[in-house]
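# Mind looking at a prediction? Sequence and model below.
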Amino acid sequence: MRAIVYKGPNEVSVETVADPEIEAATDAIVRITSSGICGSDLHMYEGRTPASGDMRFGHENMGVVEEVGSAVSAIHVGDRVVMPFNIACGTCFNCARGFTNACLVVNPEGVSAGYGYAGMGPFPGGQAERLRVPFADFNCLKLPGKPGDELEDDFLLLSDVFPTGYHGAELAGVGPGDTVAVFGAGPVGLLAAYSSMLRGAAEVYVVDGIAERLAKAEEIGAIAIDYTAGEPCKQIEKLRRANPLVRGGLRPGEEKMAGVMCGIDAVGYQARSVDNPDKENPMQVIDELVHVVNPTGRIGIVGVYFAEDPGGVNGAAKKGQFTLPLGDIFEKGLTIGMGQTPVKKYNAYLRDLIVAGRAKPSFIVSHRLDLDAAPEAYEKFDSRTDGYTKVVLKPEGVAAS
């Protein structure tokens, strides 16, 4: 079969590799109809996250079941399914408590497992024509409809970015009437803003420096903040103070509540410096959020921070060590939640919102390409040029979808 293979920093290729086979009685083989290129793939693509040569990328996968192991009972040949990027056993201490992002069984290298990702186990990715799915009964989510229908791209996003955006809103405690600041207008940031609106937020500000992404944020009713035009937290506070609900509702001494109640970091350790966007400042977003979130507010961090980063800005950053403004956090009484998304916690509910027509996350998809176009797509997506917001690869051809 054809598959996307990592060759080294800034290089992937389409190669012919062996078809996957059933290795355990709980496995299934899925014929891939759609697979997304994720911003997290770029960490490996750039060489920022150590990846072995010939690793097969792709943790956002959906398709049709072609074969099942003898112990698989709930999933059948012909079922249309989407898989969480976390691979989980479903029964260990963490899985049983809903923390499928931290399965203790599947990954022999450590806690948590995933397809085609460094440090997350020996599981090839699904940017390929076929994929082996361990513990298939637990990890496959059944979908209605047929491959290539009008919900294909929406359903694909259940594998990662839609649940991850929703998880950001959950960690930040977004509820009806809340004010929210989302830093990062990539796929996860846009869907964190979208999820905040689904949860009833009154105002959602989205911070980024790329015009196409900010335009996407405005399309869904968010307020775009271009950080290249000035310090974003000050821009947000200025707009908030001009809001009649704030201006007319704050008593003397309450001006410190002119920020937002919920903040979401959808950028992570590769954040750009506000003062010099050409340089990285891994704590830029955290510092901004601590500033702009009101006392007693909440921050959700779904942007990635790694324990090892060969491209870190200094020795501490290369070891995943950063200076946290803990004094300000403590003084303001902020609540912070963070970590990898337990996709299984959300994907069935989000699927049902899609089926009911209440959610259409595929608004973020900018390109639908054949598998052979992946090398150029990686290059364009990594450079954030030509409107490459979200790329979906179609191993069976774009015409088929």
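Alright, I've got the coordinates. Numbers count the residues shown, from 1 in each chain.

# Okay, residue 64 and residue 128: tell me how far apart.
To residue 128, residue 64 is 14 Å away according to CB to CB, to the nearest Å. Placement of C-beta: from N, CA and C, glycine included.

# who has more neighbours, these two?
A side-by-side neighbour count of residue 64 and residue 128, using other CB atoms under 10 Å, places residue 128 first with 28 against 17.

# hey, what's the residue nearest to the more buried one when sequence neighbours are not counted bridged with?
Take residue 128 and drop its neighbours on the chain: the residue closest to it by CB to CB, 6 or more residues apart in numbering is residue 3, 3.5 Å away. Following DSSP bridges, residue 3 is listed with bridge partners residue 15, residue 128.

# Count the neighbours of residue 3 for me.
The number of residues packed near residue 3 is 29, by other CB under 10 Å.

# try residue 52
A count of neighbours around residue 52, defined by other CB under 10 Å, yields 9.

# ok so it is a helix residue?
No - when DSSP: H, G, I helix; E, B strand; the rest coil is applied, residue 52 is found to be coil, with no helix at that position.

# what's near enough to touch it?
Under the criterion of CB atoms under 8 Å, 6 or more residues apart in numbering, the contact list for residue 52 reads 6, 118.

# Touching the lowest-mean-pLDDT helix or strand in the chain from outside, list them.
Within the chain, judged by mean pLDDT, DSSP states H and E, the helix or strand with the poorest mean is helix 244-247; its value is a mean of 71. Helix 244-247 is touched from outside by 240-241, 257-258, with contacts defined as CB under 8 Å, 6+ apart.

# what's downstream of that helix, the next helix or strand?
strand 260-265 (DSSP states H and E).

# quick check: angle from whichever helix or strand comes after that next one to strand 260-265?
With elements assigned by DSSP H and E, the helix or strand that comes after strand 260-265 is helix 284-292. Here the directions of helix 284-292 and strand 260-265 differ by 170 degrees (axes from the mean of the first three to the mean of the last three CA atoms, to 10 degrees).

# Where does the prediction get shaky in the stretch 301-401 of the chain?
For the stretch 301-401 of the chain, applying pLDDT under 70 flags the ranges 400-401.

# let's see it at 90
Where the stretch 301-401 of the chain drops to pLDDT under 90, the residues are 306-313, 317-320, 383-387, 398-401.

# do the stretch 101-250 of the chain as well
Under the criterion of pLDDT under 90, the regions of the stretch 101-250 of the chain flagged as low confidence span 108-110, 118-119, 241-250.

# Count the neighbours of residue 399 for me.
Other residues within reach of residue 399 by the criterion other CB under 10 Å amount to 8.

# quick one on the thing from earlier: of the contacts of helix 244-247 - the most surrounded one?
With neighbours defined as other CB under 10 Å, the most crowded of the contacts of helix 244-247 is residue 240; it has 22 neighbours.

# Correct me if wrong: residue 106 contacts residue 113.
Yes - with contact defined as CB atoms under 8 Å, residue 106 counts as touching residue 113 (4.0 Å).

# Give the residue from the two that has the larger number of neighbours.
Neighbours were counted for residue 106 and for residue 113 using other CB under 10 Å; residue 113 has more, 28 against 23.

# for the residue nearest to residue 128, what are its contacts?
Listed by CB under 8 Å, 6+ apart, the contact partners of residue 3 are 14-17, 56, 124-125, 127-129.

# which one of the residues you listed is nearest residue 7?
Distances from residue 7 to these, taken as CB to CB, are shortest for residue 15 (9.1 Å).

# Please tell me how far that closest one sits from residue 394.
Using CB to CB, we find residue 15 at a distance of 18 Å from residue 394.

# Compare neighbour counts for these two and give me the winner.
The residue with more neighbours, out of residue 15 and residue 394 and counting by other CB under 10 Å, is residue 394; that gives 22 against 14.

# can you give me phi and psi for that one?
Residue 394 adopts backbone torsions of phi -120, psi 90, taken as degrees, to the nearest 10.

# Could you double-check that it lies in contact with residue 374?
No - contact status for residue 394 versus residue 374: not in contact, 10.6 Å apart, counting by CB under 8 Å.

# and for these two, which residues touch both?
Common neighbours of residue 394 and residue 374, using CB under 8 Å, 6+ apart, do not exist here.

# Buried residues, stretch 255-264. List them.
Buried residues in stretch 255-264, defined by neighbour count with 16 or more other CB atoms under 10 Å: 257-264.

# ok, the residue most central in space within the chain - contacts?
For the chain, the residue lying nearest the average C-alpha position, counting by CA atoms, centre = their mean, turns out to be residue 161 (3.7 Å). If a contact means CB under 8 Å, 6+ apart, then residue 161 has 36, 38, 60, 187-188, 191, 361, 364, 390 as its contacts.

# Send over stretch 242-252 as PDB, restricted to the C-alpha atoms.
These are the backbone C-alpha positions of stretch 242-252, laid out as PDB (Å, rounded to 0.1, in the frame of the first residue of the first chain):
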ATOM      1  CA  ALA A 242     -15.800  49.700  25.300                       C
ATOM      2  CA  ASN A 243     -18.500  47.100  25.800                       C
ATOM      3  CA  PRO A 244     -21.700  48.700  27.400                       C
ATOM      4  CA  LEU A 245     -22.200  45.600  29.500                       C
ATOM      5  CA  VAL A 246     -18.800  46.100  31.100                       C
ATOM      6  CA  ARG A 247     -18.700  49.900  31.100                       C
ATOM      7  CA  GLY A 248     -22.100  50.200  32.600                       C
ATOM      8  CA  GLY A 249     -21.900  47.200  34.900                       C
ATOM      9  CA  LEU A 250     -18.700  47.600  36.800                       C
ATOM     10  CA  ARG A 251     -18.700  49.400  40.100                       C
ATOM     11  CA  PRO A 252     -15.600  51.500  41.200                       C
END
